[in-house]
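Chemist: Okay, here's the prediction I keep looking at, along with the sequence it came from:
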Amino acid sequence: MTTAPQLAAAEALPFDLVGRLLGHAVAGGAPSVEVFAPATGVKIVDLPQSSVADVEAAFATARKAQAAWAKVPVGERAALLRRIHDLVLSEQDTILDIVQTETGKSRVHAFDEVSDVAVNTRFYAAEGKSILAHRKPRGVMPLLTQVEVRNRPKGVVAVISPWNYPLALGASDALPALLAGNAVIGRPDNQTALTLLWAIDIAERAGLPKGLWQAVLGRGAVVGTEVIARADYVDYTGSSATGRTIAQQAGERLIGYSLELGGKNPLLVLEDADVSAAAKIAVRACFASAGQLCESIERIYVHDTVYDRFVSEFVGHTKELKLGKALDFSYEIGSLTFPRQIDTVTKHVDDAVAKGAKVLAGGRARPDLGPYFYEPTILEGVREGMTVYREETFGPVVSIYRVHSDDEAVARANDTAYGLNASVWSRDIERAREVAARVRAGSVNVNEGFIAAWGSVAAPSGGLGISGTGRRHGPEGLLKYIDTQTIAVQRGLPIAPLPGMSEQLWAKTMTLYLNVMKTLRQK
């Protein structure tokens, strides 16, 4: 494991930039909190916090702004997304610095977030109008019953976003909600609030009316609860435990919600796989953002015939990874973000080793680089009874297992309560598709780790089991933010017995009608 040269690492973000971004927060009614850069320990900001009164004020402003925004044609809203797309790409250096500073991740993985916003804005700007278009389905009595289905925005959507991918999960979920005609109240993690405030700043400079997208700041147990108590829909990304709580709170109010939660994601290497390609991509699939990614691979199942070769190459690539903290592209792996993350990683690895697991790469913290650095780690010999076997680590740790058949690989991959992402490797694409279809996960990548499915934003993304409910991306990621209204107009004859017709004759007539419609294969 090597260390990148630490050249020109920024000590803090520019004061004027931070001040401008804080102007977009509806906060100040509660004591501020100090936020520090994970990689360097330098204070980033004294972050203002929102009071209950701040939350109430944000929602009052949002409801007024949303009433006007809902009347703006979808085409104009889509044009706004295209302008946001261009600004995000042209000003990416600024947001890359912010994301790196707040999260500690490497620049290459911070760029993944910029790419995410770009592909989402491009897709929804192009397809949003057709997805949201009113429909005219067949009425119960063709020609006589005319039906129209209209889409209505939910109102004010709460987007509660996490610290690990603050731009991708804070902005890319909010933008389709805005396109659908809603207002958005964002509640970012305190650690990464400036990233979301930058996204709001960009959106307003692109032409979004002020007040449509706001941010309230504070801990989830305080501010998050107040937001859910007022929202018309909740979009949350985070832990499975918190997701259950949010589902209960939303359920009590009978409002909709979408939850993307944790994962213990498997990668399956079949005996006919391109081992070299699998070993190389597995490194990124396991260690992107130092493993702090719900889609990351934490379990690898390799067929016995290719196990030794795969392990040799995978371990070799992993040991070549550079760790660093500079605000540039000179290294691949950055810092973990919180003390609790390195504590979890350390406990999982130490527990496994104490119970007989073997460290093939990594396995140690790097306090010489910063307080939360931990080397990308590969474990062999992990078994039931070790904490890392079933619990999500959410850090740079992967366990590798030997299997002897596709059936065994699938069975072991499915031996989890999670079901978010998976990866299958084979030269035989049809075989890989069949194996993928048997894996219980919301997304399965063939000959890729997670980016192929995640980046294909025309297709839905989400989890099964305790990995969540609801979907982002695709038409589903936009339609979740609307309610449908059916307007049915009856012309001429009523759907009832004609004057002088008995109910019995009416029933016989309708029976004949229904059979005729079936014969004609009419819906």
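Modeler: In hand now; what should we look at?
Chemist: what does the average pLDDT come to for stretch 368-378?
Modeler: Mean pLDDT, stretch 368-378: 97.
Chemist: Now do the end-to-end distance for that stretch.
Modeler: Between the opening and closing residues of stretch 368-378 we find a distance of 21 Å, counting by Cα to Cα, to the nearest Å.
Chemist: likewise stretch 210-227?
Modeler: Between the opening and closing residues of stretch 210-227 lies a distance of 19 Å (Cα to Cα).
Chemist: how far out from the middle of the chain is it?
Modeler: Distance of stretch 210-227 from its chain centroid, counting by Cα atoms, centre = their mean, to the nearest Å, is 19 Å.
Chemist: ok, and what's touching that stretch?
Modeler: Defining contact as Cβ atoms under 8 Å, 6 or more residues apart in numbering, one finds that stretch 210-227 is touched by 24-27, 30, 47-50, 52, 54-55, 58, 61-62, 64-66, 69, 158, 160, 174, 178, 183-188, 190, 193, 196-197, 200, 203-204, 234, 242, 246, 249. Where you see a C-beta, it was placed from the backbone N, CA and C, and this is true even at glycine.
Chemist: Restricted to buried residues, select the residues you listed in ChimeraX.
Modeler: Selection of the buried residues among those in ChimeraX, burial being defined by 16 or more other Cβ atoms under 10 Å:
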select :24,25,26,27,30,47,48,49,50,54,55,58,61,62,65,66,69,158,160,174,178,183,184,185,186,187,188,190,193,196,197,200,203,204,234,242,246,249
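Chemist: beta partners for the closest residue to Lys523 other than its chain neighbours?
Modeler: Using Cβ to Cβ, 6 or more residues apart in numbering and skipping residues adjacent in sequence, the residue nearest Lys523 is Arg138, 5.7 Å away. On the basis of DSSP bridges, Arg138 is bridged to Gln146.
Chemist: Contacts only, for Arg138.
Modeler: By Cβ under 8 Å, 6+ apart, Arg138 lies in contact with 147, 522-523.
Chemist: pLDDT at the most centrally placed residue in the chain, what is it?
Modeler: Geometric centre of the chain, nearest residue: Leu169, 5.2 Å, by Cα atoms, centre = their mean. The pLDDT attached to Leu169 in the predicted structure is 97.
Chemist: Okay, now the unreliable bits of the chain?
Modeler: Residues of the chain that meet the criterion pLDDT under 70 lie in 1-11.
Chemist: The longest helix seen in it packs against which elements?
Modeler: Residue-count comparison of every helix in the chain, with assignments taken from DSSP state H, identifies helix 107-131 as the longest. Where contact means 3 or more Cβ pairs under 8 Å, 6 or more residues apart in numbering; DSSP states H and E, helix 107-131 is packed against helix 74-90, helix 92-103, helix 168-171, helix 174-179, helix 451-455, helix 474-479.
Chemist: Tell me which of these sits nearest to Arg364.
Modeler: Closest approach to Arg364 among the helices and strands packed on helix 107-131 (Cβ to Cβ): helix 92-103, 21.7 Å.
Chemist: how far is the closest one from where the chain is centred?
Modeler: From the chain centre to the centre of helix 92-103 is a distance of 19 Å (Cα atoms, centre = their mean).
Chemist: May I see the buried residues of that helix?
Modeler: Residues of helix 92-103 classed as buried: 92, 94-103 (neighbour count, 16+ other Cβ under 10 Å).
Chemist: which helices and strands does the one helix or strand Val315 maps to pack with?
Modeler: Using DSSP states H and E, the secondary-structure element containing Val315 is helix 304-319. Using 3+ Cβ pairs under 8 Å, 6+ apart as the contact test, the elements touching helix 304-319 are helix 275-287, strand 297-303, strand 358-361, strand 377-380, strand 397-403.
Chemist: TSV for these, including mean neighbour count?
Modeler: Converted to TSV, the helices and strands packed on helix 304-319 look like this (neighbours: other Cβ atoms under 10 Å):
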stretch	mean neighbour count
helix 275-287	22
strand 297-303	25
strand 358-361	17
strand 377-380	23
strand 397-403	23
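Chemist: Dump these to JSON lines, plus distance to Ala133.
Modeler: JSON lines is the format used below for the helices and strands packed on helix 304-319 (distance: least, Cβ to Cβ, whole Å):
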{"stretch": "helix 275-287", "distance to Ala133": "38"}
{"stretch": "strand 297-303", "distance to Ala133": "39"}
{"stretch": "strand 358-361", "distance to Ala133": "52"}
{"stretch": "strand 377-380", "distance to Ala133": "50"}
{"stretch": "strand 397-403", "distance to Ala133": "45"}
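Chemist: mind checking which of these is nearest Lys264?
Modeler: Short answer: strand 297-303, nearest of the helices and strands packed on helix 304-319 by Cβ to Cβ, at 5.3 Å.
Chemist: Now do the closest one: distance to the chain's middle.
Modeler: From the chain centre to the centre of strand 297-303 is a distance of 22 Å (Cα atoms, centre = their mean).
Chemist: What angle do helix 275-287 and that strand make with each other?
Modeler: Strand 297-303 runs at 160 degrees relative to helix 275-287, counting by axes from the mean of the first three to the mean of the last three Cα atoms, to 10 degrees.
Chemist: Neighbouring strands of strand 297-303 in the sheet, and parallel or not?
Modeler: Applying DSSP bridges, strand 297-303 is found paired with strand 265-269 (parallel), strand 397-403 (parallel).
Chemist: residues in contact with that strand?
Modeler: Under the contact criterion Cβ under 8 Å, 6+ apart, strand 297-303 has outside partners 263-271, 273, 282, 285-286, 291, 310-311, 314, 392-393, 397-405, 408-409, 412-413, 421, 423, 449-450.
Chemist: Would you mind checking those for buried ones?
Modeler: In those, burial by neighbour count holds for 263-271, 273, 282, 285-286, 291, 310-311, 314, 392-393, 397-401, 403, 408-409, 413, 421, 423, 449-450, counting by 16+ other Cβ under 10 Å.
Chemist: circling back to that earlier point, test my guess that the residue nearest to the centre of the chain contacts Pro162.
Modeler: Yes - contact criterion Cβ atoms under 8 Å: Leu169 and Pro162 qualify, at 6.0 Å.
Chemist: Common neighbours of those two, please.
Modeler: Overlap between the neighbourhoods of Leu169 and Pro162 consists of Thr237, taking contacts as Cβ under 8 Å, 6+ apart.
Chemist: show me what contacts His24?
Modeler: Counting by Cβ under 8 Å, 6+ apart, the residues that His24 touches are 197, 200-201, 204, 214-215.
Chemist: Filter the residues you listed down to the ones in strands?
Modeler: When those are checked against strands using DSSP state E, the ones located there are 214-215.
Chemist: residue contacts, Gly104?
Modeler: Per Cβ under 8 Å, 6+ apart, neighbours of Gly104: 37-39, 290, 325, 334-337, 370, 372.
Chemist: what's the closest of those residues to Lys347?
Modeler: Using Cβ to Cβ, the shortest approach to Lys347 within those belongs to Leu336, at 13.2 Å.
Chemist: Nothing else from me, thank you.
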